[in-house]
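>>> My questions are about this predicted structure, shown below with the sequence.
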Amino acid sequence: FAWLAGCWRGTVNQREFREHWMPLRGNLMLGTGRNVASGRTQDYEYLRLELRADGVHYVAAPSGQREAAFRLSESVTEGPDTIYTFANPAHDFPQRISYRRGSEGWLYVHVEGKLKGEERRIIYPMRRVDFDPNGERNCENRGVSGYVRISWDEALDIVASEIRRVKRDFGPGAIMANHG
(Lines give C-alpha, C1' and ligand atoms only; values in the text may rest on other atoms or scores of the structure.)
Protein backbone atom coordinates (compact mmCIF):
# COMPACT_ATOMS: atom_id res chain seq x y z
CA PHE A 1 0.00 0.00 0.00
CA ALA A 2 2.99 2.34 -0.34
CA TRP A 3 1.18 3.96 -3.34
CA LEU A 4 -1.39 5.36 -0.86
CA ALA A 5 1.10 7.78 0.76
CA GLY A 6 0.31 11.45 0.20
CA CYS A 7 -2.77 13.65 0.09
CA TRP A 8 -5.98 12.54 -1.62
CA ARG A 9 -8.76 15.08 -2.13
CA GLY A 10 -12.21 15.06 -3.69
CA THR A 11 -15.62 16.70 -3.62
CA VAL A 12 -18.98 14.94 -3.59
CA ASN A 13 -22.31 16.72 -3.08
CA GLN A 14 -20.60 20.01 -2.11
CA ARG A 15 -18.69 18.11 0.58
CA GLU A 16 -14.91 18.17 0.39
CA PHE A 17 -12.99 15.20 1.74
CA ARG A 18 -9.27 14.77 2.25
CA GLU A 19 -7.12 11.91 3.40
CA HIS A 20 -3.44 12.35 4.25
CA TRP A 21 -1.34 9.19 4.50
CA MET A 22 2.23 9.02 5.81
CA PRO A 23 4.68 6.69 4.04
CA LEU A 24 4.84 3.04 5.08
CA ARG A 25 7.33 2.59 7.94
CA GLY A 26 7.68 -0.39 10.28
CA ASN A 27 4.69 -2.28 8.79
CA LEU A 28 2.39 0.67 9.56
CA MET A 29 0.85 3.56 7.63
CA LEU A 30 -0.78 6.42 9.53
CA GLY A 31 -3.43 8.68 8.07
CA THR A 32 -6.03 11.33 8.87
CA GLY A 33 -9.26 12.17 7.13
CA ARG A 34 -11.56 15.20 7.23
CA ASN A 35 -14.90 16.13 5.62
CA VAL A 36 -15.84 19.79 5.19
CA ALA A 37 -19.18 21.24 4.03
CA SER A 38 -20.07 24.94 3.84
CA GLY A 39 -16.67 25.82 5.28
CA ARG A 40 -17.22 23.76 8.46
CA THR A 41 -15.61 20.49 9.48
CA GLN A 42 -18.36 17.85 9.58
CA ASP A 43 -16.23 14.97 10.84
CA TYR A 44 -12.68 13.69 10.99
CA GLU A 45 -10.91 10.42 11.67
CA TYR A 46 -7.54 8.93 12.47
CA LEU A 47 -6.55 6.00 10.25
CA ARG A 48 -4.04 3.14 10.28
CA LEU A 49 -3.07 0.41 7.88
CA GLU A 50 -1.27 -2.23 9.89
CA LEU A 51 -0.08 -5.79 9.58
CA ARG A 52 -1.55 -8.17 12.16
CA ALA A 53 -1.24 -11.94 12.58
CA ASP A 54 -4.36 -12.55 10.45
CA GLY A 55 -3.51 -10.06 7.68
CA VAL A 56 -3.59 -6.36 6.80
CA HIS A 57 -6.10 -4.24 8.72
CA TYR A 58 -7.61 -0.82 8.02
CA VAL A 59 -8.24 0.77 11.43
CA ALA A 60 -10.43 3.87 11.72
CA ALA A 61 -11.07 6.05 14.77
CA PRO A 62 -13.81 8.46 13.62
CA SER A 63 -14.60 11.63 15.58
CA GLY A 64 -16.72 10.79 18.62
CA GLN A 65 -16.71 7.03 17.95
CA ARG A 66 -14.78 3.96 19.03
CA GLU A 67 -11.97 2.57 16.92
CA ALA A 68 -12.97 -0.10 14.39
CA ALA A 69 -10.73 -2.52 12.48
CA PHE A 70 -11.49 -3.96 9.02
CA ARG A 71 -9.41 -6.86 7.67
CA LEU A 72 -8.31 -6.93 4.03
CA SER A 73 -10.73 -9.50 2.63
CA GLU A 74 -10.25 -9.10 -1.11
CA SER A 75 -7.95 -7.62 -3.72
CA VAL A 76 -9.45 -7.70 -7.21
CA THR A 77 -8.28 -6.40 -10.58
CA GLU A 78 -11.09 -4.86 -12.63
CA GLY A 79 -9.80 -3.71 -15.98
CA PRO A 80 -6.80 -1.48 -15.30
CA ASP A 81 -7.96 -0.76 -11.71
CA THR A 82 -7.30 -2.63 -8.47
CA ILE A 83 -9.94 -2.76 -5.73
CA TYR A 84 -8.91 -3.46 -2.13
CA THR A 85 -11.82 -4.37 0.16
CA PHE A 86 -11.58 -4.35 3.94
CA ALA A 87 -14.41 -6.02 5.88
CA ASN A 88 -15.76 -6.21 9.42
CA PRO A 89 -19.16 -7.98 9.36
CA ALA A 90 -19.69 -7.28 13.09
CA HIS A 91 -19.36 -3.49 12.73
CA ASP A 92 -22.57 -1.42 12.83
CA PHE A 93 -21.87 0.64 9.67
CA PRO A 94 -20.07 0.34 7.40
CA GLN A 95 -19.17 -3.35 7.18
CA ARG A 96 -17.03 -2.88 4.05
CA ILE A 97 -14.58 -0.18 2.97
CA SER A 98 -13.09 -0.38 -0.51
CA TYR A 99 -10.23 1.57 -2.02
CA ARG A 100 -10.28 1.57 -5.82
CA ARG A 101 -6.88 2.49 -7.24
CA GLY A 102 -7.27 3.76 -10.78
CA SER A 103 -4.48 3.22 -13.27
CA GLU A 104 -4.63 6.94 -14.20
CA GLY A 105 -3.61 7.91 -10.64
CA TRP A 106 -6.98 8.51 -9.04
CA LEU A 107 -8.41 6.93 -5.89
CA TYR A 108 -12.01 6.25 -4.99
CA VAL A 109 -13.17 5.18 -1.53
CA HIS A 110 -16.46 3.34 -1.20
CA VAL A 111 -18.25 2.45 2.06
CA GLU A 112 -21.17 0.07 2.27
CA GLY A 113 -23.06 -2.35 4.44
CA LYS A 114 -26.32 -2.69 6.34
CA LEU A 115 -27.72 0.08 8.49
CA LYS A 116 -30.89 -0.68 10.47
CA GLY A 117 -31.34 -3.83 8.38
CA GLU A 118 -31.17 -2.03 5.02
CA GLU A 119 -28.28 -2.21 2.54
CA ARG A 120 -26.63 1.22 2.18
CA ARG A 121 -24.04 2.41 -0.31
CA ILE A 122 -23.06 5.49 -2.19
CA ILE A 123 -25.48 5.99 -5.08
CA TYR A 124 -24.39 7.58 -8.35
CA PRO A 125 -26.70 9.59 -10.53
CA MET A 126 -26.77 8.37 -14.13
CA ARG A 127 -28.34 9.43 -17.41
CA ARG A 128 -28.97 7.62 -20.68
CA VAL A 129 -26.01 7.96 -23.04
CA ASP A 130 -28.25 9.26 -25.83
CA PHE A 131 -30.25 11.74 -23.70
CA ASP A 132 -29.31 15.38 -24.34
CA PRO A 133 -31.18 17.59 -21.85
CA ASN A 134 -30.67 20.57 -24.20
CA GLY A 135 -31.69 18.78 -27.40
CA GLU A 136 -32.62 15.26 -28.51
CA ARG A 137 -34.22 13.22 -25.74
CA ASN A 138 -34.50 10.02 -27.84
CA CYS A 139 -37.50 8.84 -25.81
CA GLU A 140 -37.87 5.76 -28.03
CA ASN A 141 -34.63 4.42 -26.51
CA ARG A 142 -35.86 4.41 -22.89
CA GLY A 143 -35.05 1.03 -21.41
CA VAL A 144 -32.83 0.18 -24.40
CA SER A 145 -29.78 2.47 -24.40
CA GLY A 146 -26.98 2.36 -21.86
CA TYR A 147 -26.23 4.75 -19.02
CA VAL A 148 -23.34 7.01 -18.07
CA ARG A 149 -22.46 8.23 -14.58
CA ILE A 150 -22.89 11.99 -14.02
CA SER A 151 -22.18 14.35 -11.12
CA TRP A 152 -24.84 15.30 -8.59
CA ASP A 153 -24.61 18.89 -9.85
CA GLU A 154 -25.39 17.76 -13.40
CA ALA A 155 -28.27 15.57 -12.15
CA LEU A 156 -29.80 18.48 -10.23
CA ASP A 157 -29.40 20.76 -13.26
CA ILE A 158 -31.23 18.22 -15.45
CA VAL A 159 -34.09 17.85 -12.95
CA ALA A 160 -34.47 21.63 -12.59
CA SER A 161 -34.43 22.20 -16.35
CA GLU A 162 -36.98 19.40 -16.90
CA ILE A 163 -39.33 20.95 -14.32
CA ARG A 164 -39.01 24.33 -16.09
CA ARG A 165 -39.59 22.68 -19.50
CA VAL A 166 -42.72 20.81 -18.37
CA LYS A 167 -44.11 23.97 -16.75
CA ARG A 168 -43.39 25.99 -19.92
CA ASP A 169 -44.78 23.41 -22.37
CA PHE A 170 -47.75 22.08 -20.37
CA GLY A 171 -48.49 24.74 -17.73
CA PRO A 172 -47.96 24.86 -13.96
CA GLY A 173 -50.77 22.32 -13.41
CA ALA A 174 -48.57 19.64 -15.02
CA ILE A 175 -46.29 19.59 -11.94
CA MET A 176 -47.60 17.73 -8.91
CA ALA A 177 -45.92 17.59 -5.53
CA ASN A 178 -46.75 14.73 -3.19
CA HIS A 179 -45.43 13.51 0.13
CA GLY A 180 -46.53 11.14 2.80
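Arrived safely.

>>> Got the phi and psi for the closest residue to residue 166 other than its chain neighbours?
Take residue 166 and drop its neighbours on the chain: the residue closest to it by CB to CB, 6 or more residues apart in numbering is residue 174, 5.2 Å away. No exception for glycine: its C-beta is placed from N, CA and C like everyone else's. Torsion angles at residue 174 (phi, psi; degrees, to the nearest 10) stand at phi -80, psi -10.

>>> Before we move on, what's the pLDDT of residue 174?
Residue 174 carries a pLDDT value of 79.

>>> That one and residue 73, how far apart?
Applying CB to CB, to the nearest Å, the value for residue 174 to residue 73 is 50 Å.

>>> Neighbour count for those two, which is higher?
residue 73 (15 against 11; other CB atoms under 10 Å).

>>> secondary structure element for that one?
Residue 73 is part of strand 68-78 when elements are defined by DSSP states H and E.

>>> List the buried residues of that strand.
68, 70, 72 (16 or more other CB atoms under 10 Å).

>>> between those residues, which is closest to residue 96?
Nearest to residue 96 out of these is residue 70 (CB to CB; 7.5 Å).

>>> list the contacts for the nearest residue to the closest one once chain neighbours are set aside?
Counting by CB to CB, 6+ apart, residue 70 lies nearest to residue 86, which is 3.6 Å off, once chain neighbours are set aside. Contact analysis of residue 86 by CB atoms under 8 Å, 6 or more residues apart in numbering lists 57, 58, 70, 71, 72, 73, 96, 97, 98.

>>> again, but for residue 4
Applying CB under 8 Å, 6+ apart, one finds that residue 4 lies in contact with 21, 29, 31, 49, 99, 107.

>>> in the chain, what secondary structure element scores lowest on mean pLDDT?
In the chain, the helix or strand scored least confidently by mean pLDDT, DSSP states H and E is strand 147-149, which has a mean of 54.

>>> quick revisit: make JSON lines from the contacts of residue 4 and add neighbour count, secondary structure and distance to residue 113 to it.
Formatted as JSON lines, those follow (neighbours: other CB atoms under 10 Å; DSSP: H, G, I helix; E, B strand; the rest coil; distance: CB to CB, whole Å):
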{"residue": "21", "neighbour count": "21", "secondary structure": "strand", "distance to residue 113": "23"}
{"residue": "29", "neighbour count": "20", "secondary structure": "strand", "distance to residue 113": "23"}
{"residue": "31", "neighbour count": "20", "secondary structure": "strand", "distance to residue 113": "21"}
{"residue": "49", "neighbour count": "21", "secondary structure": "strand", "distance to residue 113": "20"}
{"residue": "99", "neighbour count": "22", "secondary structure": "strand", "distance to residue 113": "16"}
{"residue": "107", "neighbour count": "15", "secondary structure": "strand", "distance to residue 113": "20"}
